[in-house]
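**Student:** sharing a sequence plus its predicted fold:
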Amino acid sequence: MNKRSVNITSLILLLSLLSLLLEIFIYYFIPQHFIATAVAAVTALILSHFFLETSLEYKNCLLHSAFMTVTSAGFCSIVYLMQPNEWIQYDYWTLLFLLVNWLIPYIYCFIRDFADRGPRFGGYCFFFHGMNLVFVMIYLLAIIKQFFLTPLYPPFEISTFGAHNFIPFMATGSYIENALNAGTDLTTVIQYLAETIVFFIPFGFLARVYCRDINRFLRIMAYICFPALIELLQYFFGVGSSDIDDFALALIGTCIGTLIYRIVYAVSYQYHKRDFLEDRTVAKKLLFHFDGNF
């Protein structure tokens, strides 16, 4: 590693640490936590742009985002374990505070790579897979919390055994119908449905990315087995609702994730004639070679 690389790495870590301290300071002293989340989003965008433009390498954005994501996850975990606490509160903005430190650089670098017409910036594939690795580590911790430590329950009682155990959305549909007839607020059931679906969208996207070269049947089995495994583990440990509705909602989220992959792939190929996961330089060489032989 040369002296310039060391200097850039030190600068990245220093600015990342300062931005983290600023965000935590705002989070602690301002009760409206959306302000700290907004500051985190703006800071992540500015620093990602700065690191990419100064080094022309996506790997420096990876270093910044990985540092911010891991340290933010540590901060969120500490705040969560401290509850109840009168000095600092845990809420959904705390999770968004963690999410934006990963998501903003991810989206920004994707847009820059997509919009770049030439190989001006290097190492996007390394950035993409590195960011996914960071996300998977946080995602696994989120799965443990969401499904085993503080599982999300549907807003209605489920009988021990019956047709609802085998027919998707029978219990949920009955509850919604009764709630509509009684004029009951549906916010809780909508939140339950939306959270379960959204939680599995990243799994669908990543499973499609990393299983795209395997047999289609095996790929479909992977989509099915992961949510089924979570439901079986919930049943085994006696936590969560562990019913057919959760499994069906997980499959819907997985399908949305795979659809997002297909859309991104189609748009990338339409505009650039290449897979968005291929190295830009290699892709250009292959296209040129193909045109020459044609």
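**Tutor:** Perfect, thanks for sending it.

**Student:** residue contacts, the residue nearest the centre of the chain?
**Tutor:** For the chain, the residue nearest the mean C-alpha position is Pro202 (5.2 Å; C-alpha atoms, centre = their mean). By C-beta atoms under 8 Å, 6 or more residues apart in numbering, the residues touching Pro202 are 135, 139, 257. Bear in mind the C-beta positions are built from the backbone N, C-alpha and C, glycine included.

**Student:** now it: which helix or strand?
**Tutor:** helix 187-210 (DSSP states H and E).

**Student:** how far does that helix sit from the chain's center?
**Tutor:** Distance, stretch centre to chain centre, for helix 187-210: 10 Å (C-alpha atoms, centre = their mean, to the nearest Å).

**Student:** what does stretch 255-267 give?
**Tutor:** Centroid displacement of stretch 255-267 relative to its chain, using C-alpha atoms, centre = their mean, is 15 Å.

**Student:** re the thing from before, now the helix or strand just after the helix holding Pro202: buried residues?
**Tutor:** From helix 187-210 onward toward the C-terminus, using DSSP H and E, the following helix or strand is helix 216-237. Applying a neighbour-count criterion of 16 or more other C-beta atoms under 10 Å, one finds 219, 222-223, 226-227, 230-231, 234 buried in helix 216-237.

**Student:** excluding its backbone neighbours, what's nearest Pro31?
**Tutor:** Leaving aside its chain neighbours, Pro31 sits nearest to Gln89 (7.5 Å; criterion: C-beta to C-beta, 6 or more residues apart in numbering).

**Student:** helix/strand/coil for the one you found?
**Tutor:** coil (DSSP: H, G, I helix; E, B strand; the rest coil).

**Student:** which residues does it contact?
**Tutor:** 31, 33, 79, 83.

**Student:** same question, Ile197
**Tutor:** 249-250, 252-253, 256.

**Student:** among those residues, which are in helices?
**Tutor:** In helices, defined here by DSSP state H, the members of the contacts of Ile197 are 249-250, 252-253, 256.

**Student:** distance to Asn215 added to the contacts of Gln89, as TSV?
**Tutor:** Output for those, formatted as TSV (distance: C-beta to C-beta, whole Å):
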residue	distance to Asn215
Pro31	53
His33	46
Val79	44
Gln83	46
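
**Student:** and the nearest residue to Ile224 once chain neighbours are set aside, what's its pLDDT?
**Tutor:** Nearest residue to Ile224 in three dimensions, chain neighbours excluded: Leu251, at 7.2 Å (C-beta to C-beta, 6+ apart). Note on Leu251: pLDDT of 95.

**Student:** Trp87 too?
**Tutor:** Predicted confidence (pLDDT) for Trp87: 88.

**Student:** picking up where we left off before, just send the contacts of Gln89 back as TSV, with distance to Phe128, secondary structure and pLDDT too.
**Tutor:** As requested, the contacts of Gln89 are exported to TSV (distance: C-beta to C-beta, whole Å; DSSP: H, G, I helix; E, B strand; the rest coil; pLDDT from 0 to 100):
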residue	distance to Phe128	secondary structure	pLDDT
Pro31	37	coil	88
His33	30	helix	92
Val79	30	helix	93
Gln83	35	coil	89
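
**Student:** filter these down to the buried ones.
**Tutor:** The buried subset of the contacts of Gln89 - by 16+ other C-beta under 10 Å - is 33, 79.

**Student:** and which of the contacts of Gln89 is nearest Val6?
**Tutor:** Val79 (33.6 Å; C-beta to C-beta).

**Student:** which strands or helices does whatever helix or strand Ile104 lives in pack on?
**Tutor:** For Ile104, the host element (DSSP H and E) is helix 92-115. In terms of contacts (3 or more C-beta pairs under 8 Å, 6 or more residues apart in numbering; DSSP states H and E), helix 92-115 is packed against helix 3-29, helix 33-55, helix 58-82, helix 124-144, helix 244-272.

**Student:** Val79 is in contact with Trp93, isn't it?
**Tutor:** No: under the criterion of C-beta atoms under 8 Å, Val79 is not in contact with Trp93, lying 10.9 Å apart.
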